[in-house]
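Q: Here you go, sequence then predicted model.
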Amino acid sequence: MTRVAVAPSRPSHVVAAVEQGGGTLVELAEQPDGLVWMAPDDPSGLQEAVRSAPSLQWAQLPFAGVERFVDVLDPALTWSCAKGVYADPVAEHALALALAGLRSLPTRARARSWGEQAAATLYDAPVVVLGAGGITTSLLGLLAPFRCPVTVVRRSGEPVEGAARTVGMDALDDVLGDALVVVLALALTPETRHVIGADQLAAMRQDAWLVNVARGAHVDTDALVDALQEGVIGGAALDVTDPEPLPEGHPLWSLDRCLVTPHTANPWQTAQPLLARRITDNVRRAGAGEPLVGLVDLDRGY
């Protein structure tokens with residue numbers, strides 16, 4: 001039976017998930033086989049926890065993006081994360097943001113007079129999605145009824161099922177000009193930081209909407225503010241920002257063609273049961289000697 005420590009806190013749903021997977025809950029000092037780490041803002045604490053438990057063979061992280069932790073992940077251990085766990089709710093939010101932007105909801109939902117009609121439709125509209133993970137897979141299914149020809153931009157350039165075409169990152173600037181909606185759903189690495197900057201925004205259609213449900217640092221915020229103020233693109237719908245939280249008084253809050261949701265694509269109410277399933281599955285797999293799900297590639301950083 002797999003001995004699992006949950007630290008530094010022990011939420012009841014996580015404890016239940018470990019037990020449901022056939023694991024035995026133990027303290028870090030009791031030589032656990034596995035660790036479920038529940039502090040998303042404490043990489044140094046994780047490093048110390050691993051050092052204190054030399055018996056550890058694997059560790060489960062509760063989030064999908066590991067960019068803040070990648071430098072402290074011991075390569076001697078097997079690391080799993082929540083990669084793919086939150087794909088459905090985040091993809092749903094991305095679709096909601098895209099529709100809200102195209103339908104001018106940032107402006108019209110707050111209207112106090114009748115005003116002018118202004119909207120675009122997602123039906124048959126070309127879409128570009130950066131990233132080819134679980135969010136993109138889920139989003140492709142959601143976009144199918146809209147008959148959107150979707151171009152996926154990914155590191156490898158290998159084809160993605162459900163996409164009209166797939167290209168490598170080196171072709172990003174070439175395909176941006178086709179899209180009415182550009183969605184960011186990729187991992188944050190040194191190579192993808194500011195993957196959308198002034199040049200990419202200039203390459204987009206003047207009526208295009210940028211949707212970011214990945215990480216704020218994918219976008220050069222100053223360049224985005226300039227592009228929105230100057231009408232370079234149609235608008236931006238952001239669930240993540242750089243900096244985050246977005247400070248009060250920041251220009252993005254007040255721009256008419258910008259919609260900001262405060263990192264709520266995957267609220268805790270939806271995240272809890274999804275994470276619990278991943279923990280249960282991986283505890284069961286660890287006990288059975290099977291490969292874990294959501295493995296972290298330390299070389300790639302995600």
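A: Thanks, I have it.
Q: what residue lies at the spatial centre of this protein?
A: Nearest to the geometric centre of the chain sits A214, at 3.7 Å (CA atoms, centre = their mean).
Q: For stretch 247-255, the averaged confidence score.
A: Stretch 247-255 shows a mean pLDDT of 96.
Q: now what about that stretch, what contacts it?
A: T221, L224, V225, L228, Q229, A236, L238, T241, L246, C258, V260 (CB atoms under 8 Å, 6 or more residues apart in numbering). In short, each C-beta sits where N, CA and C put it, glycine included.
Q: and with 7 Å instead?
A: V225, L228, Q229, T241, L246, C258, V260 (CB atoms under 7 Å, 6 or more residues apart in numbering).
Q: now do stretch 142-157
A: 91-92, 95, 122-132, 136, 140, 160, 163-169, 171-172, 175, 178.
Q: for the protein, what spans make up the strands?
A: 3-7, 24-25, 34-37, 58-60, 78-80, 127-130, 150-154, 165-168, 181-184, 209-212, 235-238, 258-260 (DSSP state E).
Q: Next, the buried residues of stretch 192-212.
A: For stretch 192-212, a neighbour-count test (16 or more other CB atoms under 10 Å) marks 192, 195-197, 200-201, 203-205, 208-212 as buried.
Q: Widest-spaced pair of these?
A: Pairwise distances across the buried residues of stretch 192-212 peak at 22.0 Å for T192 and R205 (criterion: CB to CB).
Q: follow-up on the earlier one: restricted to helices, list the buried residues of stretch 192-212.
A: If you go by DSSP state H, the buried residues of stretch 192-212 have Q200, L201, A203 in helices.
Q: Verify the contact between the first one and D173 for me.
A: Pointing back at Q200 there. Yes - look at Q200 against D173 with CB atoms under 7 Å: they come within range, at 6.3 Å.
Q: hmm, which of the contacts of stretch 247-255 are the buried ones?
A: Buried by 16+ other CB under 10 Å: V225, L228, T241, L246, C258, V260, out of the contacts of stretch 247-255.
Q: For these, give me JSON lines that also has distance to G294.
A: Output for the buried ones among the contacts of stretch 247-255, formatted as JSON lines (distance: CB to CB, whole Å):
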{"residue": "V225", "distance to G294": "35"}
{"residue": "L228", "distance to G294": "35"}
{"residue": "T241", "distance to G294": "26"}
{"residue": "L246", "distance to G294": "29"}
{"residue": "C258", "distance to G294": "33"}
{"residue": "V260", "distance to G294": "29"}
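Q: residues contacting P32?
A: So P32 contacts R3, V4, A5, V26, A53, S55, L56 (CB under 7 Å, 6+ apart).
Q: Specify which member of those residues is nearest to A82.
A: V4 (16.2 Å).
Q: For the closest one, list each beta-bridge partner.
A: Beta-bridge partners for V4, by DSSP bridges, are L25, G34.
Q: wait, what's in contact with it?
A: Counting by CB under 7 Å, 6+ apart, V4 touches V18, G23, T24, L25, V26, P32, D33, G34, V36, V283.
Q: By neighbours, which of those wins?
A: Among the contacts of V4, G34 has the most neighbours (other CB atoms under 10 Å), with 29 neighbours.
Q: Need the pLDDT of that residue.
A: 98.
Q: Touching, it and L61? I think so.
A: No - at 11.8 Å, G34 does not count as touching L61 under the criterion of CB under 7 Å.
Q: joint contacts of those two?
A: Between them, G34 and L61 share no contacting residue, judged by CB under 7 Å, 6+ apart.
Q: contacting residues for R285?
A: Counted by CB under 7 Å, 6+ apart, R285 has contacts P291, L292, V293.
Q: and this structure, what are its domains?
A: The chain resolves into domains spanning 3-85+267-288, 87-260 when parsed by automatic domain parsing.
Q: Quote the end-to-end distance of the first one.
A: Distances were taken as CA to CA, to the nearest Å; on that basis the terminal residues of domain 3-85+267-288 are 13 Å apart.
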